[in-house]
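A.B. asks: I'd like to go over a predicted model; first the sequence, then the structure.
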Amino acid sequence: MPKIKTSRVKYPEGWELIEPTIRDLDAKMREAENDTHDGKRKCEALWPIFRISHQRSRYIYDLYYRRKEISKDLYEFCLDQGYADRNLIAKWKKPGYERLCCLRCIQTRDHNFATTCVCRVPKHLREEQVIECVHCGCKGCASGD
């Protein structure tokens, strides 16, 4: 007889502490996905989704690396289940990328002249003081700001 697969997930110890916040962010994500984008540019419709994803990843990153309130098992569980972006967190651990908003802003293939996004330029070096990233709507994520 083959084993019957169930969709039950065993939550690690400490999940009860972060579950309400994760559920709230999931509800906001669903709301942002179902929100109408009448009158917005195509890229502007995705900005709330990027912001909520960033917020959720930053929440888990801060709990594990800064405040040290969750265990390694719970942290790995959150990454494996898709509650946080593993690649974005890996960049946050590197110097110069502590405030990175999304991975698309540092991919050179998505920009003219094989450079990074304008939001990665420090504020004191910008010609225009008010800018928004085309990809995620970030107003500036350079480490020197």
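C.D. replies: Cool, got the structure. None of the values given here were measured: they were computed from a predicted structure.

A.B. asks: excluding chain neighbours, give the residue nearest to A32 in space.
C.D. replies: Distance criterion C-beta to C-beta, 6 or more residues apart in numbering; nearest residue to A32, sequence neighbours excluded, is P48 at 4.0 Å. Quick note: C-beta positions are derived from backbone N, CA and C, even for glycine.

A.B. asks: give me the element the one you found is part of.
C.D. replies: Assigned by DSSP states H and E, P48 falls within helix 47-61.

A.B. asks: also F77?
C.D. replies: Secondary structure (DSSP H and E) places F77 in helix 72-80.

A.B. asks: what packs against whichever helix or strand comes after that helix?
C.D. replies: Next helix or strand after helix 72-80 toward the C-terminus (DSSP H and E): helix 86-92. Counting contacts by 3 or more C-beta pairs under 8 Å, 6 or more residues apart in numbering; DSSP states H and E, helix 86-92 packs against helix 47-61.

A.B. asks: need the residues that contact the helix it packs on.
C.D. replies: Here helix 47-61 makes contact (C-beta atoms under 8 Å, 6 or more residues apart in numbering) with 18, 21-22, 25, 28-29, 32-33, 35, 70, 75, 78-79, 83-85, 88-89, 92, 101-102, 135-137.
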